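J.: Let me see the structure of the following:
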Amino acid sequence: MSVKRVRYYLFLRDILTLSLTAFGGPQAFLAMLIDRMVHTRNYITEEELWELNALCNMLPGPSSTQLVSAIGFRVGGPNLAYLALLVWIIPATLLMTSAAALIYFLEENTPGALNFAKFIQPMAIGFIIFAAQKTISKMVQTTEAMVLVLISTFISFFYSSPYVFPVLLLAGGLSTSIKYKNQPKYEKDEPLVIQWANFYLWGGVLVLAATLGALTKYQPVILFENFYRNGSLIFGGGQVLVPYLYTEFVDFKNFLSSEEFLTGYAISQGVPGPTFSFSSFVGAFSMKEFGLVGFLTGGLIAAAGIFLPGIFMIFFVIRFWDQLKKYRPVRAALEGINAVSCGMLIAAAYLLFEPLEANLVNILMILGTYCLLQFTKISSPMIILGGILLGIGVNFLS
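T.: All right, here's what the predicted structure looks like:
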């Protein structure tokens, strides 16, 4: 076996290890990447890793998955990048799809069995509030950005349509791009040369899926288009996925209830790998009427739809990123896009709380979860496990 093939095999094995052990959100994931990809294996330098991370955070889609694929692209080109993508997302996708099937089975066959989840549903809101607070503290640094947060929160709450979100993101980006003169100026050594193939691929799949869905009304095609469209619009990481999916699949299409949605989101916080794998839970529930085959199909379709746009975009941009990042309006637009994403996240926390009973227990569970995340080092999986055990204990004693 050649040295190159051994190196590729080791890279994929490292990605599999990360997919099974990467608990704790993006900060912990980045620390694991630096340790394994930079210090242990020397696949790339730490400077290259941070630059790729910044690029992925600027693009729509799942940033951790894009980062894994981008490193694979640098190490072994597109083929290794696509293999790394599959190795990274498959374990979490299968876990969340299985969780959806199990929860639905319990709902249908064992009345009251889901009482174990009565505490992790409000706990999920605590996770979202914590994510919103962390995101805002990191991304909102100016008065203009805070105003955008408030405006987008108001609009997202009162006009919670999946078609409003892309308009808000575009408006936010445009509103701050006009301040491009505040950005440092870089010398442009060479003209910007763009290879459009992956952009055409991204747009072509979007148009084709939308057209086929409208013509055939075939639910798997429609489901793929729904997730592909959402995956093309989401900036800011997995937590920003929540308002999109809740609005489309709970409010508009009623494919799952608010309680089921919250239960799935809470479970996703205790699963290693990409947080976007929560989409597989929603996709599996969206095809529950087709039985176990429907659950598996829905989970895989959702994963393909939500992950592919970000991968097409990172492959498109990474080829000319060194030139693009020198354009100040591009960097300035990110402030508005990030601020709008934060506003959507705040609105999502309130919209998810609305269906819950506003009793003291639920409020204490939300606040308690937030405090554990904010003031202790207890990991997310352990917090979720504690909530499940508490629910089982209370259900057994009552």
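
J.: Kindly provide the whole-number mean pLDDT of stretch 17-31.
T.: What stretch 17-31 shows for mean pLDDT is 70.

J.: which stretches of the stretch 101-250 of the chain have low pLDDT?
T.: Across the stretch 101-250 of the chain, residues meeting the criterion (pLDDT under 70) sit at 110-117, 135, 160-163, 165, 184-192, 235-240.

J.: let's go with 80 and repeat that
T.: By pLDDT under 80, the low-scoring segments of the stretch 101-250 of the chain are 107-121, 124, 127-128, 131-141, 156-157, 159-167, 169-170, 179-194, 233-244.

J.: Do a quick rundown of the helices in it.
T.: Ranges of helices in the stretch 101-250 of the chain, per DSSP state H, counting those that start in this stretch, are 120-139, 143-158, 164-177, 197-216, 219-231, 241-245.

J.: ok, and the closest non-adjacent residue to Val317?
T.: Spatially, and ignoring its direct neighbours in sequence, Val317 is nearest to Leu59 (6.3 Å; CB to CB, 6 or more residues apart in numbering). C-beta coordinates here come from the backbone N, C-alpha and C atoms, glycine included.

J.: tell me the contacts of that neighbour?
T.: By CB atoms under 8 Å, 6 or more residues apart in numbering, Leu59 lies in contact with 66, 235, 310, 313-314, 317.

J.: Any idea how many residues pack against Ala171?
T.: 16 (other CB atoms under 10 Å).

J.: Show me the strands in the stretch 1-150 of the chain, by range?
T.: In the stretch 1-150 of the chain, no strands are defined using DSSP state E, counting those that start in this stretch.

J.: Just give me the neighbour total for Cys342.
T.: For Cys342, using other CB under 10 Å, the count is 29.

J.: just checking, it touches Val149?
T.: Yes. Assessed by CB atoms under 8 Å, Cys342 is found in contact with Val149 at 4.9 Å.

J.: Need the residues touching each of those two.
T.: In contact with both Cys342 and Val149: 136, 140, using CB under 8 Å, 6+ apart.

J.: Let me have the contacts of Leu59 in a markdown table, adding neighbour count as columns.
T.: A markdown table is the format used below for the contacts of Leu59 (neighbours: other CB atoms under 10 Å):
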| residue | neighbour count |
| --- | --- |
| Gln66 | 29 |
| Phe235 | 21 |
| Gly310 | 25 |
| Met313 | 22 |
| Ile314 | 28 |
| Val317 | 20 |
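
J.: quick check, nearest of those to Trp196?
T.: Val317 (11.3 Å; CB to CB).

J.: pLDDT at the closest one, what is it?
T.: For Val317, the model assigns a pLDDT of 81.

J.: my read: it touches Cys56, true?
T.: No. Counting by CB under 8 Å, Val317 stays clear of Cys56, with 9.4 Å between them.

J.: Of the helices of the stretch 101-250 of the chain, which stretch is the most buried?
T.: With neighbours taken as mean count of other CB atoms under 10 Å, the helices of the stretch 101-250 of the chain reach their highest mean count in helix 241-245, at a mean of 26.

J.: Go ahead and name everything in contact with that helix.
T.: 128, 156, 160, 162, 165, 230, 233-234, 261, 265, 275-276, 278-279, 282, 306, 344-345, 347-348, 351-352.

J.: Could you rerun that using 6 Å?
T.: Helix 241-245 is contacted by residues 230, 234, 282, 344, 348 when judged by CB atoms under 6 Å, 6 or more residues apart in numbering.

J.: Then stretch 154-171?
T.: Taking CB under 6 Å, 6+ apart as the rule, stretch 154-171 contacts 152, 233, 247-248, 337, 340, 344, 347.

J.: Can you say which two of those residues are spatially most distant?
T.: Maximum pairwise distance among the contacts of stretch 154-171 (CB to CB): 20.0 Å, between Glu248 and Ile337.

J.: Alpha carbons of stretch 89-109, as CSV, please.
T.: C-alpha atoms of stretch 89-109 as CSV (Å, rounded to 0.1, in the frame of the first residue of the first chain):
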residue,chain,number,x,y,z
ILE,A,89,-22.2,12.4,9.3
ILE,A,90,-23.3,8.7,9.1
PRO,A,91,-23.0,7.7,12.8
ALA,A,92,-25.0,10.7,14.1
THR,A,93,-27.5,10.4,11.2
LEU,A,94,-28.2,6.8,12.0
LEU,A,95,-28.4,7.6,15.8
MET,A,96,-30.9,10.4,15.3
THR,A,97,-33.0,8.4,12.8
SER,A,98,-33.1,5.5,15.2
ALA,A,99,-34.1,7.8,18.0
ALA,A,100,-37.1,9.1,15.9
ALA,A,101,-38.3,5.6,15.2
LEU,A,102,-38.0,4.6,18.9
ILE,A,103,-39.9,7.6,20.1
TYR,A,104,-42.7,7.1,17.6
PHE,A,105,-42.9,3.4,18.5
LEU,A,106,-43.2,4.3,22.2
GLU,A,107,-45.8,6.9,21.5
GLU,A,108,-47.9,4.4,19.5
ASN,A,109,-47.6,1.3,21.7
